[in-house]
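Colleague: build me a structure from this.
(one chain, ligands or ions: 2)
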Amino acid sequence: MHDSTVKGIEFATKSAGKDLRILIVHTRWNSPIVNRLVEGAKQTLLESGVLAENIVLHNVPGAYELPFATQKLLKASAGSTKPFDAAISIGVLIKGSTMHFEYIADATSQGLMRVGLDLGIPVIFGVLTCLNEDQAFVRAGDSSRGSNAHNHGIDWAHTAIEMATLG
Ligand SMILES: Nc1c(NC[C@H](O)[C@H](O)[C@H](O)CO)[nH]c(=O)[nH]c1=O
Ligand SMILES: CC(=O)[C@@H](O)COP(=O)(O)O
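Modeller: Ligands and ions are numbered 1, 2, ... in the order given. Reported below is the predicted structural model:
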């Protein structure tokens, strides 16, 4: 049973998250954009029934640090009385004038995938890989920077809940 859809993707019901504990790891790089994405994810988690005390935030310098931090924090909680059911790793990569963008994007995406598979805990890829700032702001829901603005943090939150309750 799903009560909302975005672009044809069906999302969780309003109480699906009530028993979940979600980790959000986000970067300080490009913080004006990242903070919008984090807020979109947080509000969506709350609207889906996740308790405020069960949404835990940590920040790291940049996207390249997301896999290590996500793995460390998920592993640390695995043996605790309150393990995380999923993680959303959020960052924004904006292409510069060198190949640095490509290397970080590839390493971060591969790294986050590996963390999720190795630990058996859903890790949602919340990294925007954009060619310019306007693209990033639009995907963080800022309609002043372009049309069809939509905050992807919303989608990542729904995905985290669905994957955490899979099966
Ligand atoms: N250019 C961007 C970076 N670069 C920094 C790296 O992510 C990393 O922190 C550094 O290489 C040290 O390991 N990070 C972003 O998140 N976004 C960028 O656009
Ligand atoms: C994603 C990046 O690392 C990029 O913003 C760095 O810019 P540059 O390629 O001009 O060094």
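Colleague: residues from the chain in reach of ligand 1?
Modeller: By C-beta under 6 Å from any ligand atom, the part of the chain that sits against ligand 1 consists of 27, 29-30, 61-65, 91-94, 104. In this view, the C-beta of every residue, glycine as well, is placed from N, C-alpha and C.
Colleague: redo that, cut-off 8 Å
Modeller: Residues of the chain that fall close to ligand 1, judged by C-beta under 8 Å from any ligand atom: 27, 29-30, 34, 60-65, 91-96, 100-101, 104, 108, 127.
Colleague: filter these to the buried ones?
Modeller: 27, 29-30, 34, 60, 63-65, 91-94, 101, 104, 108, 127 (16 or more other C-beta atoms under 10 Å).
Colleague: which secondary element of the chain has the worst mean pLDDT?
Modeller: The helix or strand of the chain with the poorest confidence is strand 4-6; it has a mean of 50 (mean pLDDT, DSSP states H and E).
Colleague: remind me, longest helix of the chain?
Modeller: Scanning the chain for the helix with the most residues, using DSSP state H, yields helix 100-119.
Colleague: near ligand 2 at all, it?
Modeller: Yes. Shown here: helix 100-119 in contact with ligand 2 (C-beta under 8 Å from any ligand atom) through His100, Phe101, Ile104, Ala105.
Colleague: count of neighbours near the last one?
Modeller: For Ala105, the count of nearby residues is 18 (other C-beta atoms under 10 Å).
Colleague: with adjacent residues omitted, what lies nearest to it?
Modeller: Counting by C-beta to C-beta, 6 or more residues apart in numbering, Ala105 lies nearest to Thr129, which is 4.8 Å off, once chain neighbours are set aside.
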